[in-house]
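**Student:** Give me the fold of what follows.
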Amino acid sequence: MRLRRGWIWYLAGLLLAVLAGVIAIVALQQAVPKAEPVRPATRPVIVAAKDIAARQIVAIDAIEARDLPLEEIPSGAIFRVEDAAGKFSLQDVKTGQPLLAQSLIAAPTGAGGIITSTATLAVLLPADKVGVALPADDLLSQSGDVGTGDRVDVMASLILLSTEEGKGGQATAMTLQNVPVVKVIEEAPETGSPGGPQQRGKILGLVLAVDPQDAVILKYFVDSGAQVSIDVRPSKLTSIFDVVPVTINYIADKYGITVPEPVE
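**Tutor:** Below is the predicted model:
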């Protein structure tokens, strides 16, 4: 009888030890944080936003930048919009496929072997848009940091006059949103020393692809002497914002400014 009881206690102790070990292992597994999977390194590559047929000019609305893992980027991939837009495609490119430098050549030339600026600009425009030149009067446009394929918003400040005393003043509005830059207008660069770095000409303006009505609106602001400037969007920001025009009344209400009165 005593021997049987001893075995029972022995087995019970062994079972408790095993159970304690299992509990300890589970606790340790829960305490140790799980390693997050390593994301592969990527790089923006120019791909077809829609099917591009062979022997066609690559329009700017037919391409886009897309992040691809480094190991999936083919040899000859293009990384800048301006290196693909306006080129002549030698082969079909399906939607989502990267464009390859070896499959693109300069657009066929006209008489005399020269493509006029009008013809070059026309092939860059989306089919339902017109190109309008915005003078580079603001610092961002003049900086050289805005290029072909960037998307911008256009803001304008205009002085509004009133026949009533105390009314009128400056109003600033975001007139156009998320419009693409299809070309940068530059002066011919000055000839530098042989072998020296290539000098960039002065930037005179940006050509934007807009709806015809927006082209007229933009011309109105430019011709009326409004102060026009741009902002630049990141490539993935495509939202249209509900932006309220700003006047002195808006500023006073937003910041709680009280008009000072004369001191007696």
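**Student:** where exactly do the helices run in this structure?
**Tutor:** 2-31, 117-124, 139-142, 212-223, 248-255 (DSSP state H).
**Student:** Pull out the buried residues from the third one.
**Tutor:** Within helix 139-142, the residues that qualify as buried by neighbour count (16 or more other CB atoms under 10 Å) are residue 141. Where C-beta positions appear, they are placed from N, C-alpha and C, glycine not excepted.
**Student:** elements contacting that helix?
**Tutor:** strand 203-210, strand 227-232 (3 or more CB pairs under 8 Å, 6 or more residues apart in numbering; DSSP states H and E).
**Student:** what's the closest of these to residue 86?
**Tutor:** Closest approach to residue 86 among those is made by strand 203-210 (12.3 Å; CB to CB).
**Student:** Kindly calculate the angle that the closest one makes with helix 212-223.
**Tutor:** Going by axes from the mean of the first three to the mean of the last three CA atoms, to 10 degrees, strand 203-210 is angled at 150 degrees with respect to helix 212-223.
**Student:** re the thing from before, any idea which of the helices of the chain scores lowest on pLDDT?
**Tutor:** Ranked by mean pLDDT, those bottom out at helix 117-124, which scores a mean of 59.
**Student:** Quickly list what the closest residue to residue 75 other than its chain neighbours is bridged to.
**Tutor:** Nearest residue to residue 75, sequence neighbours excluded (CB to CB, 6 or more residues apart in numbering): residue 100, at 7.8 Å. For residue 100, the beta-bridge partners are residue 77 (DSSP bridges).
**Student:** Then residue 88?
**Tutor:** Bridge pairing for residue 88 - DSSP bridges - gives residue 57, residue 105.
**Student:** What is the neighbour count of it?
**Tutor:** A count of neighbours around residue 88, defined by other CB atoms under 10 Å, yields 16.
**Student:** Isn't it up against residue 54?
**Tutor:** No. At 9.5 Å, residue 88 does not count as touching residue 54 under the criterion of CB atoms under 8 Å.
**Student:** Show residues contacting stretch 219-233.
**Tutor:** 132, 134-135, 137-141, 145-146, 150-158, 175, 178, 206, 218 (CB atoms under 8 Å, 6 or more residues apart in numbering).
**Student:** Now, of the residues you listed, which are buried?
**Tutor:** Among those, those that count as buried by neighbour count (16+ other CB under 10 Å) are 132, 134, 141, 146, 150-156, 158, 175, 206, 218.
**Student:** Now flag whichever of those residues is closest to residue 27.
**Tutor:** Using CB to CB, the buried ones among the contacts of stretch 219-233 come closest to residue 27 at residue 151, 53.1 Å.
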